[in-house]
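J.: Mind folding the following:
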Amino acid sequence: MGALEIFLPVCDYHLAATLDSGQVFRWRQNREAWEGIIGSHCLQLTQRENGIHAAAARPVESWEFLREFLQTKTDLAAVLKTFPDDEPMRRAIRACRGLRLLRQDPWECLASFILSSTKQIVQIRQIIALLGERFGEPMKNCDGQTVFTFPTPQKIAAATEAELRACKMGFRAPSLLNAARQIAGREFDLEQIRQLDYGQARMKLMTLRGVGGKIADCVLLFAYGYDTAFPVDVWIERALQELYFPRWRASAQRLRNFANTHFGPHAGYAQQYLFHYMRTRAQAG
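T.: Down below sits the predicted model:
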């Protein structure tokens, strides 16, 4: 017999920062709750003092998928201790304390970040919403409204490029279609990535059309848990330049070399704190 709700005890968890920090694109805030879909589970998550309350649209037999997605068992204090003890990092931690890295489905994560190329977060959300409406499976959320699952590789592989472009993804359509067809045709095995070291996994992902170093690092960090992956985009370049090299213009390679050596074994975690800190600071300003 499944349950419609559960309370997950966890300390030092900032749900809003975690779900709104550019890791995922299908969660939205509705009053106190955050609404989203994980696989075939439609959920409402609400921050509580000592944990997270979760409600599901349909009874759930096992909630382990949610613990894994939210990474509630991560020892955040231990992770934060590995960050460099410098003023920019201290400011980012103060601003974003409790932010966690999620553990997403590899296909949804890969497809989402292929679609993210040169787009702002609000635009990425719009593209993915259209993709779900046209190629996902309909289901009811906790309020009885119709929502859609993330389309499978098989569903996307059967689409035409024109149909995908109708979801406003533009030049990203061929890349998404190529990845879906390789995965659906078993030419590319997303599960095999877990067996590779970081460098091998990164190179493997970059064999897919439209997947460069930044997208590969996002997928490795947010779907597979490679904490050394350090995605570098415009926000991170700006953060590194402004916070660590304020007096002179550092080259992209210099910034990459600095990132590879400065932030420790959980560099990807540090990156996400810097990323969200810079975004929220810009929005507040």
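J.: pretty sure L274 is in contact with A239, am I right?
T.: Yes: at 4.6 Å, L274 counts as touching A239 under the criterion of C-beta atoms under 8 Å. Every C-beta, even on glycine, is put in place using the N, C-alpha and C of the backbone.
J.: list the residues that contact both of these two?
T.: P88 (C-beta atoms under 8 Å, 6 or more residues apart in numbering).
J.: The two - which one has more neighbours?
T.: In this view L274 and A239 are compared by other C-beta atoms under 10 Å, and L274 has more residues nearby, 28 against 23.
J.: tell me the SS of the more buried one?
T.: helix (DSSP: H, G, I helix; E, B strand; the rest coil).
J.: Point out where the protein drops to low pLDDT.
T.: For the chain, residues meeting the criterion pLDDT under 70 lie at 284-285.
J.: longest strand in it, by residue count?
T.: strand 51-60 (DSSP state E).
J.: which element is the residue of the chain positioned farthest from its centre on?
T.: The C-alpha centroid of the chain is most remote from R247, which lies 32.3 Å away (C-alpha atoms, centre = their mean). Under DSSP states H and E, no helix or strand contains R247.
J.: For it, give its distance to E5.
T.: 53 Å (C-beta to C-beta, to the nearest Å).
J.: Need the nearest residue in space to W34, chain neighbours excluded.
T.: Leaving aside its sequence neighbours, W34 sits nearest to L45 (C-beta to C-beta, 6 or more residues apart in numbering; 4.7 Å).
J.: That neighbour should be in a strand, yeah?
T.: Yes: using three-state DSSP, the assignment for L45 is a strand.
J.: which residues sit in contact with it?
T.: Shown in contact with L45 (C-beta under 8 Å, 6+ apart): L15, L19, A33, W34, E35, G36, I52, H53, A54, L70.
J.: Show me which of those residues are buried.
T.: The neighbour-count test (16 or more other C-beta atoms under 10 Å) marks L15, L19, A33, W34, E35, G36, I52, A54, L70 as buried among these.
J.: you'd agree the second one is up against G36?
T.: Yes: contact status for L19 versus G36: in contact at 7.3 Å, counting by C-beta under 8 Å.
J.: Show me the common contact partners of these two, please.
T.: Common neighbours of L19 and G36 are listed as W27, L45 (criterion: C-beta under 8 Å, 6+ apart).
J.: residue boundaries of the helices in the stretch 101-250 of the chain?
T.: Assigned by DSSP state H, counting those that start in this stretch, the stretch 101-250 of the chain shows helices spanning 106-115, 121-135, 153-157, 161-165, 173-184, 198-205, 213-222, 234-244.
J.: now the longest one: how far from the chain's centre is it?
T.: Using C-alpha atoms, centre = their mean, to the nearest Å, we find the averaged C-alpha position of helix 121-135 to lie 15 Å away from the chain's own average C-alpha position.
J.: which other residues reach that helix?
T.: 22, 25-26, 112, 115-116, 119, 147-151, 155-156, 159, 163-164, 166-169.
J.: Just the buried residues from those, in PyMOL please.
T.: For the buried members of the contacts of helix 121-135, the matching PyMOL selection, counting by 16+ other C-beta under 10 Å, is:
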select buried, resi 22+25+26+112+115+116+119+147+148+149+150+151+155+156+159+164+167+168+169
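J.: where does F7 land in three-state SS?
T.: Going by three-state DSSP: F7 is strand.
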